[in-house]
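K.L.:
For reference, the sequence and a predicted model appear below.
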Amino acid sequence: MGIYHQNKKIGYFHRRLVPVEHGYRWEEQSQMKLRVMNTDQLVHTSVRAAIDKSYALQDFSFRLNSSGIVFEVTGKVIDEKTSGRELHGQIVSAGNSSPFSFPLRDPVYLPSTTQMMLRGASLKAGEERQYSIFNPLSTKTETISVTALGPETLTLKGQQLAVTKIAERFGGTTVHAWLDHEGKVVKEEASLGLVLLRENREDALGGGWEDSTPLDLVASAAIPVQQPLPEPRTLKHLQLKLLGPADMPQFAFPPRQEMSGGTITITSETLSNLTTYQLPQADAAFALDLTDTPFVQSAHPRLRAQAEQILGSERDAVKAARLLLDWTYTTLAKEPSIGMPTALEALDSKRGDCNEHAVLFTALARAVGLPARVAAGVVYLEGAFYYHAWADVWLGQWVAVDPVLQQFPADATHVKFIEGGPEEHLALLKVIGQIGMEVINYQ
């Protein structure tokens, strides 16, 4: 399949199903040329999996290579005698393996193999089926709902095809696919305006996409506003009207960010109001915000050693947060990237965008007992709000800090949509491109 963005070819995608003794070998690979903040990125993904005759997952390996930075996830479904079926896996990044596991109540599928379940099925308009899937990018299971929307006639490469259109909903996003009479996908419309079209091998690999200049996905997903915000990095108060669907989520994160109806009010924290304490924070209420995770590897010896080196003997929470923020800002080269960043990868490469800055700062903070969270949403820059990630730290209240802009606290144009590490950021797809903003007032 050729991959297109606004009718411009940016890469290809290939799936392969190979019969073996106890089921199938499933293979996927894609290659795309993307642009992020005026920087070209060549992104390659590959999946190899063993699936049974019902297409349920048995084991897999997933690999994402973005301009030389590699993110890999492997896993296997295991039948435990005492606890039942479980998925055991690991994230491999910067030469380090971070294991994870969770129980499975039902057979689990890869997102793309659920379409195999529809082959030979005669779906009626409105008919819905649900499956449990494992998403290697988020390393989580979720439910995918597949709904038949009805028959259509699709024109592809000058030929008319009788197809069935389906909607696949998971993670708050919707993917539309068109299946031919054999149940094979001939077209997909995915997130961020990506379109996949079935082509022969020569056409899919060709088309001159490697030499073209693709559209900037970050810029194309920006939320423009009519009223410019002068000196946005100094704003302490901002009120916005959100425009979007009736079922728009509530983005309230008090006391910094309040939401009433469709109006968001953001008030940046005041340094004089912060409360400090001696590290490490011992209150059990902050256990989750001090936890080592596969993406925020705060317990790793290299992260702990680096954090201790930065702080020296300093144990005042406010001063420690400032030292960690300044070190992250000055140490990491500011380079756009595409992928799933981990703290160890950022520590080793010493480069990255807002995501790498946020996960590394959060890991360093947790390593010394300073509760911290990754936050994501949008930030204002030159007439629009763009996707952005930063961090929150506990200093008597949750305080937004921005390691890539060296802001302590962060300005009021930081509009938070979600809390959590990179594994949670895919949820932004249900927000970015779906809402608009109007500036009500600022100061």
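P.N.:
Cool, the structure landed. From a predicted model like this one, the values you see are computed outputs, not experimental measurements. Numbers count the residues shown, from 1 in each chain.
K.L.:
For the closest residue to Pro111 other than its chain neighbours, give me its contacts.
P.N.:
Nearest in space to Pro111, with sequence neighbours left out and distances taken as C-beta to C-beta, 6 or more residues apart in numbering, is Ile133 at 5.1 Å. Any C-beta I mention is one placed from the backbone N, CA and C, and that applies to glycine too. Going by C-beta atoms under 8 Å, 6 or more residues apart in numbering, Ile133 touches Val108, Tyr109, Leu110, Pro111, Thr114, Thr141, Glu142, Thr143, Ile144, Phe170.
K.L.:
Hmm, the fourth one is touching Ile144, no?
P.N.:
Translated: Pro111. Yes. Assessed by C-beta atoms under 8 Å, Pro111 is found in contact with Ile144 at 6.6 Å.
K.L.:
Name the residues contacting each of those two.
P.N.:
Counting by C-beta under 8 Å, 6+ apart, the contacts common to Pro111 and Ile144 are Ile133, Glu168, Phe170.
K.L.:
can you pull the contacts of the last one?
P.N.:
Residues counted as contacts of Phe170 (C-beta under 8 Å, 6+ apart) are Pro111, Ile133, Asn135, Glu142, Thr143, Ile144, Ser145.
K.L.:
Tell me which stretches of this protein form helices.
P.N.:
201-205, 217-220, 301-311, 317-331, 343-349, 354-367 (DSSP state H).
K.L.:
what sits against Val195?
P.N.:
So Val195 contacts Ile3, Tyr4, His5, Lys187, Glu188, Glu189 (C-beta under 8 Å, 6+ apart).
K.L.:
Would you mind measuring from it to Gln257?
P.N.:
To Gln257, Val195 is 35 Å away according to C-beta to C-beta, to the nearest Å.
K.L.:
Same check on Ala343?
P.N.:
25 Å.
K.L.:
The two: which is more packed in?
P.N.:
Taking other C-beta atoms under 10 Å, Ala343 and Gln257 do not tie; Ala343 has more neighbours (33 against 21).
K.L.:
Report the spatially nearest residue to that one, omitting neighbours in sequence.
P.N.:
Nearest one to Ala343, counting by C-beta to C-beta, 6+ apart, is Ala363 at 3.4 Å.
K.L.:
where along the stretch 201-350 of the chain do the strands fall?
P.N.:
Secondary structure of the stretch 201-350 of the chain (DSSP state E, counting those that start in this stretch): strands at 223-224, 237-243, 257-260, 263-267, 333-334.
K.L.:
What are the contacting residues of the third one?
P.N.:
Going back to what we said before, that points to strand 257-260. So strand 257-260 is contacted by Gln250, Phe251, Ala252, Ile264, Thr265, Ile266, Val415, Lys416 (C-beta under 8 Å, 6+ apart).
K.L.:
Of the contacts of Val195 - the most surrounded one?
P.N.:
Ile3 (24 neighbours).
K.L.:
Retrieve the pLDDT associated with it.
P.N.:
You'll see Ile3 listed with a pLDDT of 93.
K.L.:
what's near enough to touch it?
P.N.:
Residues in contact with Ile3 (C-beta under 8 Å, 6+ apart) are Lys9, Ile10, Gly11, Tyr12, Phe13, Ser30, Met32, Leu194, Val195, Leu196.
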